[in-house]
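Visitor: 3D model of this:
(3 chains)
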Amino acid sequence: MTRGVAVQLTDLRRTYSGVNALDGLTLHLEPGELVALLGPSGCGKTTALRCLAGLEDPDSGRVEVGGKDLTKVSTNKRDMGMVFQAYSLFPHLTARQNVEFGLQLRKQGSEQRRRRSAEMLELVGLSAHVDKYAHQMSGGQQQRVALARALAIEPQVLLLDEPLSALDAKVRTQLRDEIRRIQLEVGTTTLFVTHDQEEALAIADRVGVMRSGKLLQLAAPQELYSRPADDFVADFVGLTNRVVGTSRGTTAEALGASLPLLPGSATEGTVTVLIRPEHLTVTQDAQGSAVVISSSFLGAQGRVVVSPGEDLQQVLVQVPSAAVADFAPGDRVTLRPVGAPALAVARG
Amino acid sequence: MADTARRGALAGRRPSGALLGVVPFFVYVTVFLIVPTLVVVVGAFIATGPGGQGALSLANIRALAQPAVTSALWHSLILSAVTAVAGAVIGALLAYAVSTAKPDGVLRRFTTSLCGVLAQFGGVALAFAFLATFGATGYLTNVLASTGLDDTGGLWLYEWNKGLMLVYLYFQIPLMLIVFLPAVEGLRPQWREAAETLGGSTWLYWRKVAAPILFPSFVGALLLLFTNAFSAYATAAALVSQGSPLLPLAIGGTLNSEVILGQENVGKAMALLMVVVVAAVMTLYAAIDRRASRWLAR
Amino acid sequence: MSGIRATRRRRQSVLRWVVVTVSMVFFAAPLAGMLDFTTKDAQGRRTAATWAKLVDVEGISRDYPDLAAGFTASVGLAVLTVVVMLVLLVPTMTWVRLRVPGLSRTVEFLCLLPLTVPAIVLVVGLTPVYSWVTYFLGESTIWLGFAYVILVLPYAYRSIDVGLRAIDVKTLSEAARSLGAGWGRVMVRVVLPNLRTAVLSAAFLAVALTLGEFTIANLFSRTNLQVAMFLLGKSDAQISVAVGLAALVFAFIVLFGLSFVGGRSHSRKENS
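Guide: Sure, this is the predicted structure:
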């Protein structure tokens, strides 16, 4: 039952007292798609979402939903379901009354409202808590009610403004997966704003990385991770080692190996090569030039910190967790890239 | 030295030793609060008349039915209710207006500081301020007279249902701001935004969300204003020099020379009446405040 | 592009200024009356004579001995009230929190009880108590401070309670005692410094209430500042009104200044 509509943000600009919160943001969401906007705080991701909701006026630019220009339409006529960071439930209403709030505004009869709210609360797994007030529910339950309330009005677009950031780690992953399940079920076009890269990668069809009001890259999670457009994206999404190397056009020499370069890399001279921890290996070698600084066991995997040699930055290597015990601080090792494509940037 | 300290600590661990620490507080409160309260409560039931000197009696309570007392009580209730309602409405409006200003801005600091002072400004100085403004030689008296609003030459100021009400509002409105502003600030912006995204207009937000959430706080503050006016003595005493149109003035009168022989303890009965009214209102306030703080906990 | 939001903000700020302006006019009118009254001579001409008299400390104590006495008495009362209030409340409340938490409801009830016992009622009940106070300590005005402590109790309790909630007294005192401090040292060196803001605001409330107190002093026929102003109002109202206005302006300046200090300490708390 896909009833999603396309969303188009065109050249949005917004300035707060001289600071560009949005600097010409253009973003397209396909019908039914879930796009996550990811970036550090102050990058403009929340401003973008609020402009789409109508809670913020862009200085210039256009907001279109389903082909209709909504730039000048006020929030209450935009038909958006929104879930806030926290504390957005009306405290004087029960969970059910919260969910029915939007339905009541749409002049639905009490019988119809009741059916719909029961259905929505069941969808988010809260059938047992319909008559509870916000202060009687946990943070996770409150966010579920907020989600049910936003979806109950069958909005054109679902907006999620860091809905998980106030929750405990465990509840966060659980609710994250559930949001994705529900979103796929109802098929509503969704914009999800977060500063947590793991969350964005796990939930979204496509992830947009923002910085200083600009969209740096918009791509599917795998592509964003394996082919970052620049070093900011590479750094922000996943862990990255910065290694000195020499660029030779389509390849680069680094750590004694030749690595294929990703598009957009610097093509000549001394460069910084960005290599993921899982794209490096370490082996015990009494004649090796690298030295183990520390090793740690992280459950599913292990991590070894290695100094490749004098004057070089330490690097992080991912190893199987069973191998952690093989490396003690001070051990001599050999460090080798596995040869996966990497990004090289000019040394600044 | 360290030894005695340790022994002291061990001794202190016994409950009786720990209780010793609160003895001074309880003694003080007993002498200066409990005893006076008991004096009032017990005294109200002890006859002082020629017939039953010192005997338990309901004579003082019955004496409350005399017209002078009932009218004083009635006036006090009306004055308190009117200034509480008017003060609450105007003060709430002012609190909302101030809440829309920047939290650290000068307007906010200025208004809250001013109201903090004015809310405690009852008494002699306040009476003088209104005399200097609306009294016989007040600078607004002529203005009022020339517009035909006041043909009494400022005498309305001394009447409990005219001047006193205005004077009381002068500390009731600021008190409302101080008490109610935290509640208005407790309204989360998310509630308004959630209401908007769900399709509600500004008017609907106020009617269906903000008003119901603020209602308990508003009623609580109103009750507080009521007791504030009901128990105020100084302002009225400084302004009204003849008669005892209000309950506090009537009680004060029994402490001066105006006591009719045999009715010394009627003052205590009136004081008891006052405590009963205030305690009833404060109990209601406590119940309402608990609900309000649950909704608006920050 | 003029947005929907901007329009609403403009409307909001218009409403704000209208409401605030109207309120300020109401608040200012009687104060202007005081200023007007104190700057007029018998012929209705402007003069600063009253204010000049007020600034002349020696002249005041010579020409208005009652006012000077009332002022001195009120300052003494303020000091006594603050000291007794702090000595009584801070150790008791800390002690209850640490050692006898079962009594916390009782202490709270007793501290808030004066809210339901208006000053005028307290006067009625205090009459016999004060005949004993007079018998033991003499008839000085300053002993009214004992009753003022009761009046201040609810407000002082609340502000110290807020202060105690903000710090973890139990852990702090356990830490201090594990390092070898006795209870006295815990109180003076550990608890009190951490309650600075709360103690300050409780003291400020106590001073404000004491300087403004009229009911008890008047009915016990003692002369404090307010009673002196009241009595003087009948003979030389101008100087009396001037004192009232000066006190009000002074209190406002203190509170306005404190609002900036308070704001700064709050943001510091958030940063750490």
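
Visitor: Give me the phi and psi angles of the closest residue to A:E30 other than its chain neighbours.
Guide: Take A:E30 and drop its neighbours on the chain: the residue closest to it by CB to CB, 6 or more residues apart in numbering or on different chains is A:A6, 6.2 Å away. Placement of C-beta: from N, CA and C, glycine included. Note on A:A6: backbone dihedrals following degrees, to the nearest 10 are phi -80, psi 150.

Visitor: Please apply the same query to A:A169.
Guide: Per degrees, to the nearest 10, the backbone of A:A169 is at phi -50, psi -40.

Visitor: Tell me, how many residues neighbour residue 59?
Guide: Just going to use chain A. By the criterion of other CB atoms under 10 Å in any protein chain shown, A:D59 has 15 neighbours.

Visitor: not quite, I wanted chain C
Guide: For C:G59, using other CB under 10 Å, the count is 12.

Visitor: these two touch, right, it and C:K53?
Guide: Yes - counting by CB atoms under 8 Å, C:G59 does reach C:K53; the two are 6.0 Å apart.

Visitor: For chain C, tell me whether the helix or strand where A:T46 lies is touching it.
Guide: Element membership for A:T46 (DSSP states H and E) is helix A:45-53. No - shown here: helix A:45-53 not in contact with chain C (CB under 8 Å from any CB of the partner chain), separated by at least 9.8 Å.

Visitor: Can I get that helix as CSV, trimmed to CA atoms?
Guide: Extracted in CSV, the C-alpha atoms of helix A:45-53 (Å, rounded to 0.1, in the frame of the first residue of the first chain):
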residue,chain,number,x,y,z
LYS,A,45,19.8,19.3,9.0
THR,A,46,17.1,20.2,11.5
THR,A,47,16.5,23.6,9.8
ALA,A,48,15.9,21.7,6.6
LEU,A,49,13.3,19.5,8.2
ARG,A,50,11.6,22.4,9.9
CYS,A,51,11.5,24.3,6.6
LEU,A,52,9.7,21.2,5.1
ALA,A,53,7.3,21.2,8.1
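
Visitor: Any idea how far it is from the middle of the chain?
Guide: Centroid separation for helix A:45-53 versus its chain: 15 Å, with CA atoms, centre = their mean, to the nearest Å.

Visitor: got it, and stretch C:233-245?
Guide: The answer for stretch C:233-245 is 22 Å, by CA atoms, centre = their mean.

Visitor: Is there any residue in that stretch that contacts chain B?
Guide: Yes - if you take CB under 8 Å from any CB as the test, stretch C:233-245 does meet chain B, through C:G233, C:A237, C:S240, C:V241, C:V243, C:G244, C:L245.

Visitor: The residue nearest to the second one when sequence neighbours are not counted: neighbour count?
Guide: Same thing as C:A237. Closest residue in space to C:A237, ignoring its immediate chain neighbours: B:F128 at 6.9 Å, by CB to CB, 6+ apart. Counted with other CB under 10 Å, the neighbours of B:F128 add up to 29.

Visitor: Below-threshold pLDDT in chain C: ranges please.
Guide: C:1-3, C:262-272 (pLDDT under 70).

Visitor: quick one: contacts for whichever residue of the stretch 151-298 of chain B sits closest to chain C?
Guide: Going by CB to the nearest CB, chain C is nearest to B:S231 of the stretch 151-298 of chain B, at 3.1 Å. Listed by CB atoms under 8 Å, 6 or more residues apart in numbering or on different chains, the contact partners of B:S231 are B:P248, B:M274, B:V278, C:P118, C:A119, C:I120, C:V121.

Visitor: what are the phi and psi angles of the third one?
Guide: In this case it means B:V278. Here B:V278 shows phi and psi, under degrees, to the nearest 10, equal to phi -60, psi -40.

Visitor: And the pLDDT for residue 18?
Guide: I'll assume chain A. Per-residue pLDDT puts A:G18 at 82.

Visitor: oops, chain B please
Guide: pLDDT at B:A18 comes out at 78.

Visitor: quick one: it is in a strand?
Guide: No - read with DSSP: H, G, I helix; E, B strand; the rest coil, B:A18 is helix and lies in no strand.

Visitor: wait, it sits on C:R99?
Guide: Yes - counting by CB under 8 Å, C:R99 is a contact partner of B:A18 at 4.0 Å.

Visitor: And the residue of chain A found nearest chain C, how close does it get to C:A176?
Guide: When scored by CB to the nearest CB, chain A has A:D57 as its residue closest to chain C, at 2.7 Å. Taking CB to CB, to the nearest Å as the measure, A:D57 falls 55 Å from C:A176.
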